[in-house]
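>>> coordinates for the following, if possible.
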Amino acid sequence: MKTLALVAIIAFAAASCTKAATTTSPKPGVRVSVVDVQDGDSLLVEVDGIEERVRLIGVNAPEHDECFGQESAAGLRSLIDDREVQIVTDVEAGDQYGRLLAYVYRDGILINEEIALRGLALARAYEPNTELQGRIDAAAQDARENQRGMWSPATCASQSGASVTVAEIEPNPPGPDGGNLNGEWVVIANTGDSMIDLTGWILRDASSVHRYLFRAGTSIASGSDLVVHTGCGDDDARRRYWCEDGPVWDNTGDTALLLDADGRMTATFDY
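Below you'll find the predicted structure:
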C-alpha cells in the first residue's frame with residue numbers, strides 16, 4: 001500500500017537525522033508537498049511522486065455541512081496550501097481509512113496546535129496518539145475562552161439557548177464496554193424561566209461520528225431535564241433513546257456538543 005511506503009520513508013528519515021539543537025524543533029519526520037486541503041483536518045500530500053491522504057492528529061474540524069466547516073477548511077488552506085511541510089507520526093502511522101496520522105509542521109509551527117488556537121477545530125484525542133495532546137488541548141481551551149473561530153457568537157456559538165446546558169454524562173457504566181448501552185447517558189437541563197423547544201437540535205460527540213437528532217415536539221420545561229440514553233427504548237417526556245449499536249462516549253474523555261436547529265453551539269461539556 002502507498003501508506004506503507006511513506007511510513008518507511010518517515011522511519012528512514014528518523015533513523016538518519018540527528019537530534020535538533022533547539023527544543024522547539026519537531027522530532028525527525030519527512031518533508032512533503034501539500035497538494036490539496038480536503039477539509040479542516042485532512043490534506044493530500046506528495047512525497048517522492050506518491051500522493052497520500054493525511055489526517056491531523058489531536059483535532060477534529062467541523063464537517064463541510066456543519067457550522068464553520070467551510071471556514072475551517074479555508075483556514076487550514078491559508079496556513080499550508082501549496083507549501084512544503086514536515087509531517088511527524090505518533091504511535092500509530094495510519095488509520096482504518098488508509099490515511100497517514102500525523103503532526104504537521106510549517107516553518108516550525110505545529111499546525112495541529114495552531115488550528116485549535118484559532119478556533120478552526122476542536123481538540124480531540126485519539127488514543128494512543130497523544131504525545132502532543134496537552135499542547136493542542138490548551139490551545140483549544142484558549143480559543144474557547146477568547147471566543148475565536150467557531151467559538152465566536154458571531155459564527156457558531158449561540159447565545160439564544162444559553163439556558164440549556166449539558167449537565168452530566170455517564171460515559172462508562174458498570175460492566176463490559178457496550179454491554180449496558182442504556183447505562184450510558186447524557187443529561188440536558190433547562191435552567192431558564194421558559195420552555196425550550198429542541199426540535200431539530202443535535203447532540204453529538206467530538207468526533208462528529210455520533211449524532212442524535214431531536215425529533216419534532218421535543219422540549220424541556222423550565223427547571224427540568226432530559227436524559228438521552230445510548231441504547232434503545234421507548235421515548236417518554238423525560239427520556240430519549242439514541243438506539244446506537246455501540247457506545248457513543250469515549251471512556252477516556254470526550255466532548256459533548258449541543259447544536260440548535262441552525263447548527264449553532266448552545267452548550268458543550270468536556271470530561
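
>>> okay but Ser72 is in contact with Val37, surely?
No: using C-beta atoms under 8 Å, Ser72 is not in contact with Val37, being 10.0 Å away. Every residue, glycine included, has its C-beta placed from N, CA and C.

>>> between the two, which has more neighbouring residues?
Of the pair Ser72 and Val37, Ser72 is the one with more neighbours under other C-beta atoms under 10 Å, namely 28 against 21.

>>> just say helix, strand or coil for that one.
Secondary structure of Ser72, reduced to three states by DSSP: H, G, I helix; E, B strand; the rest coil: helix.

>>> which residues does it contact?
Counting by C-beta atoms under 8 Å, 6 or more residues apart in numbering, Ser72 makes contact with 39-41, 61-62, 115, 120-121, 149-150.

>>> which of the residues you listed fall in strands?
Among these, the members falling in strands are Asp39 (criterion: DSSP state E).

>>> by pLDDT, give me the weakest of the contacts of Ser72.
Minimum pLDDT for the contacts of Ser72 is recorded at Pro62 (90).

>>> hang on, that residue packs against Leu76?
No: in this structure Pro62 lies outside contact range of Leu76 using C-beta under 8 Å: 11.5 Å.

>>> overlap in contacts, those two.
Residues touching both Pro62 and Leu76 (C-beta under 8 Å, 6+ apart): Gly40.

>>> look at the two and report which has more neighbours.
A count of neighbours by other C-beta under 10 Å puts Leu76 above the other of Pro62 and Leu76, at 28 against 24.

>>> pretty sure that one sits in a helix.
Yes: looking at Leu76 with three-state DSSP, it is inside a helix.

>>> now for it: which residues touch it?
Applying C-beta under 8 Å, 6+ apart, the residues contacting Leu76 are 37, 39-41, 43, 61, 111, 115, 120.

>>> try it again with 6 Å
Contacts for Leu76 were tallied using C-beta atoms under 6 Å, 6 or more residues apart in numbering; they are 37, 40, 115.

>>> can you lay out those as CSV showing distance to Gln141?
As requested, those are exported to CSV (distance: C-beta to C-beta, whole Å):
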residue, distance to Gln141
Val37, 25
Gly40, 18
Ile115, 14
